[in-house]
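[1] predicted model, plus sequence, below.
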Amino acid sequence: MMDPINKQTFSQKMKAYKRSPLSLILMLLVTVSAAVTVLILLFLIAYILIKGVPYLTPSLFAWEYNSENVSLMPALINTVIMTFLSLLIAGPLGIFAAIYLVEYAKRGNKLVAVIRVTAETLSGIPSIVYGLFGFLLFAVTFGWSYTIMGGALTLAMMILPLIIRTTEEALKSVPDSYREGSFGLGAGRLRTVFKIVLPSAVPGILAGIILAVGRIVGETAALMYTAGTVAGVPDNLMSSGRTLAVHMYVLTNEGLYTNQSYATAVVLLVIVVGINGVSGLIAKRIAKG
């Protein structure tokens, strides 16, 4: 049975919608769009699980890859290494650049406008263009050939604009009263930024990092040109190796291991969901602290 307060609120909304039919139409469109989005997401997850879970065999997690087990373990290790390296390079650069844009640069600064336009432009460049650039720069000009380091540097360039923009928006969302209160207590700008502003902006910054991780984990085109497709654990950062996404592409492209590629997709899905969950918990703890 509907609560009296909720019933009154519902009747007020219906009266408002009768006065403005356009609002009702927009509300219905938003509701339908949200429902369709959720259904598509659930369908994709269910399809991947149904297709891939039956083929999650122990041989798929063998340490060494061969044509019989088509193990994903080397690709999983390479994915972790690639993600860590890319974030290690792009994370500090993106966060510090955003801090400069929001906290230190003067308003109306032409340099700030150029940086923002550049970041937005770089965000729209297709990943294969980054791959070709990374190939020409690291593999050809530097003579590295296909390497984990070349792939990580290429991915760092790809995710840098994303981290800058999301961190910038997170910093802008922190109320100015926090800064004014800190300055009023005698704290300097640097102390205010690192003790007051950044902790308050952590949830937004982590959201950007999660998006960056998703792009790293799901990237194929850029890594095929820079990191290569060798199915093994690299001896060092200057060796070649494939990530899970590239592993899936190669298996599907060969046409012989389609079922194993679905199983790899399940592992990739679990990793992404796990990263999102852990990052959310960390953000909540930091925000409460």
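    Looks like it came in fine. Residues are numbered from 1 along each chain as shown.

[2] give the buried residues for stretch 65-79.
    Neighbour-count burial for stretch 65-79, counted by 16 or more other CB atoms under 10 Å, picks out 65, 69-79. Using the backbone N, CA and C atoms, a C-beta is placed for each residue, glycine as well.

[3] can you flag which of these belong to helices?
    When DSSP state H defines the helices, the subset of the buried residues of stretch 65-79 inside them is 73-79.

[4] closest to Arg242 among those?
    For these, the closest approach to Arg242 (CB to CB) belongs to Ala75, at 5.3 Å.

[5] report pLDDT for the residue nearest to that closest one when sequence neighbours are not counted.
    Leaving aside its sequence neighbours, Ala75 sits nearest to His247 (CB to CB, 6 or more residues apart in numbering; 3.7 Å). Looking at His247, its pLDDT stands at 89.

[6] how near is His247 to Ala97?
    Distance, His247 to Ala97, by CB to CB, to the nearest Å: 33 Å.

[7] and those two? Which one has more around it.
    Comparing His247 with Ala97 by other CB atoms under 10 Å, the one with more neighbours is His247, at 29 against 18.

[8] need the contact list for that one.
    72, 75, 231, 261, 264 (CB atoms under 8 Å, 6 or more residues apart in numbering).

[9] biggest separation within those, which pair?
    Greatest spacing in those, by CB to CB: Ala231 and Ser261 (13.1 Å).

[10] now do the helices in the stretch 151-289 of the chain.
    Applying DSSP state H, counting those that start in this stretch to the stretch 151-289 of the chain gives helices spanning 176-184, 189-192, 198-217, 221-226, 244-254, 258-288.

[11] could you single out the nearest of the ones in helices among the buried residues of stretch 65-79 to Leu237?
    Checking those one by one against Leu237 (CB to CB), the nearest turns out to be Asn78, at 11.0 Å.

[12] on that earlier part again, can you pick out the most distant pair from the ones in helices among the buried residues of stretch 65-79?
    Farthest-apart pair in those is Met73 and Thr79; separation 10.5 Å (CB to CB).

[13] so of the helices of the stretch 151-289 of the chain, which one's packed in deepest?
    Among those, ranked by average contacts under mean count of other CB atoms under 10 Å, first place goes to helix 221-226 (a mean of 24).

[14] let's test this: mean pLDDT of that helix, rounded?
    89.

[15] now do stretch 126-135
    pLDDT averaged over stretch 126-135 gives 91.

[16] any chance of the contacts of His247 in JSON lines with distance to Ser200 and pLDDT as columns?
    Below are the contacts of His247 laid out as JSON lines (distance: CB to CB, whole Å; pLDDT from 0 to 100):
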{"residue": "Leu72", "distance to Ser200": "40", "pLDDT": "88"}
{"residue": "Ala75", "distance to Ser200": "38", "pLDDT": "90"}
{"residue": "Ala231", "distance to Ser200": "45", "pLDDT": "84"}
{"residue": "Ser261", "distance to Ser200": "43", "pLDDT": "89"}
{"residue": "Thr264", "distance to Ser200": "39", "pLDDT": "89"}
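
[17] tell me the centre residue of this structure?
    Leu211 (1.9 Å; CA atoms, centre = their mean).

[18] any stretches of the stretch 1-150 of the chain with poor pLDDT?
    Flagging of the stretch 1-150 of the chain using pLDDT under 70 yields the residue ranges 1-19.

[19] where do the helices sit along it?
    Under DSSP H, counting those that start in this stretch, the stretch 1-150 of the chain gives helices at 4-19, 21-52, 73-99, 110-123, 127-134, 148-172.
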